[in-house]
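K.L.:
Got a predicted model here, sequence first, then my questions.
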Amino acid sequence: MDKPEACTSHDIVAQIRKIFKGQSVGHAGTLDPMATGLLVLLLGEATKLSSFLLNEEKGYTARVQLGVETDTFDRTGQVLKESPCCLSEDQIRAMAESLKGPMELKVPVFSAVKVKGKKLYEEARKGHAVEAPIKTMDFYELETLEVGSNWVELNLKCSKGSYIRSWAHLLGEKLKVGGHLSSLRRTWSSPFHLKQAVTVETLKNQPWEQLAAAIPLEQLLSHWPSFYVEDRDLVLVSNGQLSYGLKGRLRPFYQRVLDLKTGVKIISKPTRQLVALLEPAPISGEFKIGRVFHRR
């Protein structure tokens, strides 16, 4: 989906649930209300893949406003400090493009991260003093698009759990003028791209099966090796079991899967449908059932 501004990811999920008449709906990473762009939603049995897709890397187009620092690290917050920005475009560009790689940054106080069982933003809104935790965040493939006298727009990718707001705040600090995130659009959520996405209105008015945005379950986790089964093995896997013979035939995949940091997709040979996901079990040196999919 292509999420518009000023609505939450939960709002989109609720609308999709209505369209699909109560079918279970999940997601592969929320977007803040201010942010727009790619929101990967999972329907029905695909919700079982949420934990796998959440770990994938993300890509964004971001705009940072310099000279103004806010308590949320973005334009929705209260202004804490304003400073004149007398920097050249070359200075801004050079500093922005230097801030890449793994780094230890503060999580925004206004975020859903929990400290001692309490969400930071809830405590911050109550006026309670909170200490934001430090977290390793990785930013890479930075590409500066445009630079103004007090702003910069760029494309960048980041690891799971990284906050673009924290990066924008850091840029302001490094340039000694302060800064905040003024706009954010998600363009990529591996392996999906914004060009595949549709709006809620499009989904309401067209048969969803005909849309390129509707990705079949079998095409997800495309970087995982696939293994086809039939007959007795298919029945057993569908019931969450692996036969001794199937374990033996899967053994040559084990080291490859460890190297790829993936699992194995078990596909029904007769129907070509995804039946289960197998994950490596380091202690036994064999595969174990991770997820089983029940198809109509």
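P.N.:
Great, that's in hand.

K.L.:
Would you map the helices across the stretch 101-250 of the chain?
P.N.:
120-125, 164-174, 200-205, 231-238, 244-250 (DSSP state H, counting those that start in this stretch).

K.L.:
most neighbours per residue, which of the ones you listed?
P.N.:
helix 164-174 (a mean of 22; mean count of other CB atoms under 10 Å). For glycine as for every other residue, the C-beta is placed from the backbone atoms N, C-alpha and C.

K.L.:
Please save the CA atoms from that helix in CSV.
P.N.:
This file holds the C-alpha atoms of helix 164-174, laid out as CSV (Å, rounded to 0.1, in the frame of the first residue of the first chain):
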residue,chain,number,x,y,z
ILE,A,164,15.7,8.4,10.3
ARG,A,165,14.6,11.0,12.9
SER,A,166,17.7,10.2,15.0
TRP,A,167,19.9,10.5,11.9
ALA,A,168,18.3,13.9,11.1
HIS,A,169,19.0,15.1,14.6
LEU,A,170,22.6,13.9,14.4
LEU,A,171,23.1,15.8,11.1
GLY,A,172,21.9,19.0,12.9
GLU,A,173,24.2,18.4,15.8
LYS,A,174,27.2,17.8,13.5
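
K.L.:
Show the average pLDDT along it.
P.N.:
Mean per-residue pLDDT for helix 164-174: 96.

K.L.:
and that helix, how far from the chain's centre?
P.N.:
20 Å (CA atoms, centre = their mean, to the nearest Å).

K.L.:
Any chance you could list what contacts it?
P.N.:
60, 62, 64, 66-67, 69, 72-74, 95-96, 99, 103, 105-108, 137, 139, 152, 156, 158, 178-181, 184 (CB atoms under 8 Å, 6 or more residues apart in numbering).

K.L.:
Can you select the buried ones from these in PyMOL?
P.N.:
For the buried members of the contacts of helix 164-174, the matching PyMOL selection, counting by 16 or more other CB atoms under 10 Å, is:
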select buried, resi 60+62+64+66+67+69+72+73+74+95+96+99+105+106+107+108+137+139+152+156+158+178+179+180+181+184
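
K.L.:
Figure out which of the helices of the stretch 101-250 of the chain is closest to Leu87.
P.N.:
helix 164-174 (11.0 Å; CB to CB).

K.L.:
coming back round to it: the helices of the stretch 101-250 of the chain into a markdown table, with extra columns for distance to Val40?
P.N.:
What follows is the helices of the stretch 101-250 of the chain, written out as a markdown table (distance: least, CB to CB, whole Å):
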| stretch | distance to Val40 |
| --- | --- |
| helix 120-125 | 23 |
| helix 164-174 | 17 |
| helix 200-205 | 14 |
| helix 231-238 | 26 |
| helix 244-250 | 29 |
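
K.L.:
Since that was my last question, I'll sign off now.
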